[in-house]
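>>> Sharing a sequence plus its predicted fold:
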Amino acid sequence: MRLSYFHSPDRVPAEGMGAAAVVIDVLRATTTMAWALHHGAEAVQAFADLAALDAAAQSWPAERCLRAGERGGQKLEGFDLGNSPLAVTADVVSGRRIFMSTTNGTRALDRVQQAPLLLTCALANRSAVAQRLMDHQPATVWVVGSGWEGAYSLEDSLAAGALVDALLGQQGSTSSALLQLCGNDEAAAAHALWLQWQGQPEQALRLASHGQRLQRLGDHDADLACCAAVDSLTVVPVQSEPGVLRSS
Ligand code: MLT
């Protein structure tokens, strides 16, 4: 298995596709998706385009439909939910399909929608995602950070490094193991970032520019704590049909 990390959808190669793709958006889309599916949502259907989201949601039974999303970190007008992982509680989402659009995370999903195996990952479920990759043993894994409007994000790279570390497992971060696993410099650099911050992930999220943006926008302390909770979930969101993620 060779894992390559791309820090934003714009960095994904124009040609080809990984045998597996893993989309990361720690603050907050893939953390929220994992918690929603953990709490019994029937599925999360991701849309980069809001008009397409509205059309799909309108054709879904209203009692089993929720619209969730943000732009710039702020809840979209007329939507049921923003993008807080704390809002997708079982009493709100159980049995319902969440039609979701976010600033960057759903765009990253769109970019690798054709991957034969597409998973979403956050710090919360990185070990469960690593185990699923080890079970499948794809030859190539493209890990795509959502970033922020094309720019590098500390938190997504941190989670990519955490995923690399989980895949290294017992081998540890020996040079030979890293050489065998990492398919590009970004993957090795993400792992080094994880080694630096693994003991204090929430501090890393508070240092990140989007973590600072969320704190400026309002009371997001609990969101940051939730998004920093490493291995707090075992759910693995898997794309079951284009744009539709289900727990598996
Ligand atoms: C994103 O898509 O960039 C994030 O999910 C934004 C957010 O939820 O604050």
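Looks like it came in fine.
>>> CA atoms for contacts and neighbours, from now on please.
Noted.
>>> Can you name the residues of this structure sitting close to the ligand?
Contact residues (Cα under 6 Å from any ligand atom) of the chain with the ligand: 27, 28, 29, 73, 83, 102, 103, 104, 105, 148.
>>> So which of those are in helices?
Taking DSSP state H, the ones among those that sit in helices are 29, 105.
>>> which residues are contacting the top helix by length along the chain?
In the chain, taking DSSP H as the definition, the longest helix is helix 154-168. If you take Cα atoms under 8 Å, 6 or more residues apart in numbering as the criterion, helix 154-168 is touched by 3, 5, 7, 24-27, 121-123, 126-127, 129-131, 134, 143, 145-147, 172-173, 177-178, 181, 187-194, 197-198, 204-205, 208-209.
>>> Could you tell me which of the residues you listed count as buried?
Among the contacts of helix 154-168, those classed as buried by neighbour count (16 or more other Cα atoms under 10 Å) are 3, 5, 7, 24-27, 121-123, 126-127, 129-131, 143, 145-147, 173, 178, 181, 187-194, 198, 204-205, 208-209.
>>> Where does the residue sitting furthest away from the middle of the chain fall, secondary structure wise?
The outermost residue of the chain, judged against the average C-alpha position, is residue 176 (28.1 Å), by Cα atoms, centre = their mean. Using DSSP states H and E, residue 176 sits in helix 175-181.
>>> What of residue 229?
In this structure, residue 229 sits in neither a helix nor a strand according to DSSP H and E.
>>> Distance of the residue farthest from the centre of the chain relative to residue 130?
Distance, residue 176 to residue 130, by Cα to Cα, to the nearest Å: 19 Å.
>>> Likewise for residue 1?
Taking Cα to Cα, one finds residue 1 at 12 Å from residue 130.
>>> all helices for this structure, in order.
According to DSSP H, the chain carries its helices in the segments 29-38, 50-58, 90-93, 105-111, 126-136, 154-168, 175-181, 185-197, 201-207, 209-217, 221-227.
>>> Dump those helices into a markdown table; add distance to residue 247 and mean pLDDT as well.
Output for the helices of the chain, formatted as a markdown table (distance: least, Cα to Cα, whole Å; pLDDT from 0 to 100):
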| stretch | distance to residue 247 | mean pLDDT |
| --- | --- | --- |
| helix 29-38 | 6 | 98 |
| helix 50-58 | 20 | 97 |
| helix 90-93 | 13 | 98 |
| helix 105-111 | 16 | 94 |
| helix 126-136 | 12 | 97 |
| helix 154-168 | 19 | 98 |
| helix 175-181 | 26 | 91 |
| helix 185-197 | 26 | 98 |
| helix 201-207 | 25 | 98 |
| helix 209-217 | 27 | 95 |
| helix 221-227 | 18 | 97 |
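>>> Brilliant, that's me finished.
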